[in-house]
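Novice: sequence and predicted structure, then a few things I'm wondering about:
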Amino acid sequence: MLGLMQDGQLLLSTLPTYAARNHGTAEIVSNTVEGGLHRYTWADAEKRMCRLAHALRRLKVDVGDRIATLAWNGYRHVELYFAVPGIGAVCHTINPRLFPQQIAYIVNHAQDKVVFTELTFVPLLEALADHLGCVEAIVIMTDAGHMPQTALSDRFNVLCYEDILAAEKDTIDWPRFDENTASSLCYTSGTTGNPKGVLYSHRSTILHSLGGNQPDLFGAGARDCIMPVVPMFHANAWGLVYIVPMTGAKMVLPGMGMDGETLQRLMEEEGVTISAGVPTIWMGLLQYLRQSGKRLDNVERFVIGGSACPRVIIEEFDNTYGIRTDHAWGMTETSPIGSYNSPKPNWAGLDKAEVHTRQLKQGRGLYGIEMKIVDGEGNDLPWDGEAFGALLVRGPWVVREYYRSEDGPAVDADGWFNTGDVANIDPDGFMQIVDRTKDVIKSGGEWISSIELENVAVGHPAIVEAAVIACPHPKWDERPLLICVAAEGASVTREDMLAHFEGKIAKWWMPDDVVFVDELPHTATGKLSKLELREKFAEYKLPTA
Ligand code: ADP
């Protein structure tokens, strides 16, 4: 027997409609490429989304067409996030930090029909113009006064964003269709092989937003002011752009301004209460606060993820600024929130240091995500906080198959997706990433976590960034090599670093050598590129070898 309730489809167009009506005065503040702050409300935004939807149809954008964006976190990008899927097309966010050849590959793989670009990326598109055969029009996200002279006009129909909006009316009857329709597309950065497309649906996106804003997760409400520093061009800015219109929170978008000084100013002037970003961002902000002596008086919480959170971030924000750091884990393939670390009742009464230790874990799987850890043969491992193995997940916002992939399903017969991460889970359900399968150091049949060694290394005041990779060893197969970037002007030696590890790790985890470099290579998503490091140090001979 079926239930007798309505089955309204979970469509993204319902979000701006809801926000305009219920939170019409809630503000969206954007740091713009043209200069200065732009501010308007959800009532204004919704009208412009209607205009944009009409403009897209005038450009002959049809249901299912892929529409690319090359853009920062800003109001026009927000408009695209809703207007494109609103008419049944797919909003394909491209990470501009990818190698140009990878961007061309992605545009062609997705067969993007129209590209919306920020002024910043016009030169990038000019350089790729010969390789974008599928693209019919390029819309530059600015007003007539800022339109550049561009060679793109020789090849493409180049349009001005504000002009195409001005020509349209500001109301629409958003079409209704199946909630399983594709809504947006995001490619993984492809640290190995070509990038792979994850194609989200309206349903998966709305369920992820509902799941991700529970009280023990983002937990944002109408009295909050949220600043997603995590880019809208990667992993949907962790769902925040969809969560905000559900809640009526104020939203502050930093645009290109991801340096400590800009972030501190925006947070103070706009009253930011919650912000989210990767560790590099928070390390940069901490350094700025230390140097300038400035404060953050409104911020209650930082959410951190994308790579492991160094202890110094949790400690210093808590002890010096009274800000709680929530550690989260996820990936493009999980929309991206998979787990989130918030306290349980049995944390009450713990001293600060113990709380900080617990906050280093990547957190509990949220409702909607099933998790398990398995050994090499696929057998379930116990949740005892000790046993670690491959981390598998499944749920309504986890990928099933990559877009236009020839490899078939991305999951096993029971729907489990192998994350490529190695983790343990404790009896309270807190998951801790030990390493990525590819990065763990296999020493004499036992595993050493590169992440844990890196965390200890950056806890040294003279170290800005650190990476640990496996180096071949005749006796142990692999041993850890620590590669560090020292702070400007700091004098720190190999011996200082090894002494710093004493007592903080098991003896046999001690790095076999320490190397100092000027900088470490990063991927397009700002993570350490261990692949590049392994290549660079392929011939390195450990003193113990
Ligand atoms: P890519 O960098 O390959 O494009 P994602 O940005 O989706 O992909 O990265 C997902 C990966 O990032 C995860 O599988 C995990 O290895 C790593 N990651 C994400 N959050 C954390 C975290 N809090 N701690 C450690 N690793 C993390």
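Specialist: Yep, that arrived.
Novice: is it true that Y288 lies in a helix?
Specialist: Yes - counting by DSSP: H, G, I helix; E, B strand; the rest coil, Y288 is part of a helix.
Novice: how far away is the spatially closest residue to it that is not a sequence neighbour from the ligand?
Specialist: Among residues not flanking Y288 along the chain, G260 sits closest, at 2.6 Å (C-beta to C-beta, 6 or more residues apart in numbering). C-beta coordinates here come from the backbone N, C-alpha and C atoms, glycine included. G260 sits 21 Å away from the ligand, going by C-beta to the nearest ligand atom, to the nearest Å.
Novice: for P521, same thing?
Specialist: 14 Å.
Novice: check what pLDDT that residue gets.
Specialist: Here the pLDDT value assigned to P521 is 93.
Novice: in the helix or strand bottoming out on mean pLDDT in the chain, what counts as buried?
Specialist: Least confident helix or strand, the chain: strand 446-448 with a mean of 85, by mean pLDDT, DSSP states H and E. Across strand 446-448, burial judged by 16 or more other C-beta atoms under 10 Å covers I448.
Novice: what does this structure put close to the ligand?
Specialist: Contacts of the chain with the ligand, taken as C-beta under 6 Å from any ligand atom, map to 188-189, 191, 235, 305-308, 327, 329-332, 336, 362, 419-421, 433, 436, 523, 525, 527.
Novice: which of those residues are buried?
Specialist: The neighbour count (16+ other C-beta under 10 Å) marks 188-189, 191, 235, 305-308, 327, 329-332, 336, 362, 419, 421, 433, 436, 523, 525, 527 as buried among those.
Novice: one step back: now, which of the residues of the chain next to the ligand lie within strands?
Specialist: Judged by DSSP state E, the residues of the chain next to the ligand include 327, 329-330, 419-421, 433, 436 as members of strands.
Novice: may I ask which two of the residues you listed are separated the most?
Specialist: Farthest-apart pair in those is H327 and G420; separation 19.0 Å (C-beta to C-beta).
Novice: before we move on, the earlier item: note down every partner strand of the least confident helix or strand of the chain and its orientation.
Specialist: Each strand paired with strand 446-448, and its direction, by DSSP bridges: strand 441-443 (antiparallel).
Novice: just after the longest helix seen in the chain, pick out the following helix or strand.
Specialist: Determined from DSSP state H, the single longest helix within the chain is helix 42-58. Per DSSP states H and E, the first helix or strand lying C-terminal to helix 42-58 is strand 66-70.
Novice: where in the stretch 151-300 of the chain is pLDDT low?
Specialist: Scanning the stretch 151-300 of the chain for pLDDT under 70 picks out 190-192.
Novice: where's the residue in the stretch 51-200 of the chain positioned nearest to the ligand relative to M331, distance?
Specialist: Nearest residue of the stretch 51-200 of the chain to the ligand (C-beta to the nearest ligand atom) works out as S189 at 3.4 Å. Distance of S189 to M331, computed by C-beta to C-beta, to the nearest Å: 11 Å.
Novice: just G376 next, same as before
Specialist: G376 sits at a distance of 22 Å from M331 (criterion: C-beta to C-beta).
Novice: and L80, by the same measure?
Specialist: Separation of L80 from M331 (C-beta to C-beta): 23 Å.
Novice: how deep is G277 tucked in, by neighbour count?
Specialist: Residues near G277, counting by other C-beta atoms under 10 Å, number 25.
Novice: wait, it sits on A235?
Specialist: No - in this structure G277 lies outside contact range of A235 using C-beta atoms under 8 Å: 11.9 Å.
Novice: got phi/psi on the closest residue to S529 other than its chain neighbours?
Specialist: Leaving aside its sequence neighbours, S529 sits nearest to P521 (C-beta to C-beta, 6+ apart; 4.3 Å). Backbone geometry at P521, expressed as degrees, to the nearest 10, gives phi -80, psi 140.
Novice: all set now, cheers.
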